[in-house]
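Asker: could you work out the structure for the sequence below:
(one chain, ligands or ions: 2)
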Amino acid sequence: METITACMQNDHVDIDRIAERAAAAATAGDRVGLEREGTLFLQRLERHIEVEENLLFPAFEERTGMTAAGPSVQMREEHVEMQEPLRRMREAVAANDAAGWQRASKALFEMLVPHNQKEEQMMYPMLDDAMGADAAALLAEVRVAVA
Ligand SMILES: [Fe+2]
Ligand SMILES: [Fe+2]
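Answerer: Ligands and ions are numbered 1, 2, ... in the order given. Okay, here's the model as predicted:
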């Protein structure tokens, strides 16, 4: 059986690959490519964050009882911090500003890389453990939501 950890880790990898394609388009001066890949990147990351905040973190909090100072609180705070570079990336796509995209993307990934590592190494495995036999049902919901 696939785990929540594996499913969400795959989504991180997919999203990273889209970011690489957007960066390549920005470097090459490919305006159509930057618009396409940049828009896709923003959609996919926003959906990923929604799945975490609406499905995974509530399940984590309910099952572990870790709320006030737990890892889900820190992850939510980091999602909030990401909103500023994400806003700049959205503006860069709208303006087709390749240099602006690269700057904002660099700022985002300085946060996103360690954030994803914490989720993959700590939070998702704790959630898989805490869900036990109910992990499959939650995973089915996650799959529909990230698809
Ligand atoms: Fe996250
Ligand atoms: Fe994540």
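Asker: list the buried ones in stretch 108-123?
Answerer: 108-109, 112, 115-116, 119, 123 (16 or more other C-beta atoms under 10 Å). Just so you know, the C-beta spots here come from the backbone N, C-alpha and C atoms, and that holds for glycine as well.
Asker: so for the host helix or strand of residue 6, what's the average pLDDT?
Answerer: Element membership of residue 6 [criterion: DSSP states H and E] is helix 4-28. Mean pLDDT, computed over helix 4-28, is 97.
Asker: what packs against it?
Answerer: Where contact means 3 or more C-beta pairs under 8 Å, 6 or more residues apart in numbering; DSSP states H and E, helix 4-28 is packed against helix 31-51, helix 98-118, helix 124-131, helix 135-146.
Asker: can you pull the buried residues of stretch 33-48?
Answerer: Those buried within stretch 33-48 under the rule 16+ other C-beta under 10 Å are 34, 36-38, 41-42, 44-45, 48.
Asker: which one of those residues is nearest residue 146?
Answerer: residue 48 (6.6 Å; C-beta to C-beta).
Asker: need the nearest residue in space to residue 47, chain neighbours excluded.
Answerer: Nearest residue to residue 47, sequence neighbours excluded (C-beta to C-beta, 6 or more residues apart in numbering): residue 146, at 6.3 Å.
Asker: quick check: the one you found touching residue 11?
Answerer: Yes. In this structure residue 146 lies within contact range of residue 11 using C-beta atoms under 8 Å: 5.5 Å.
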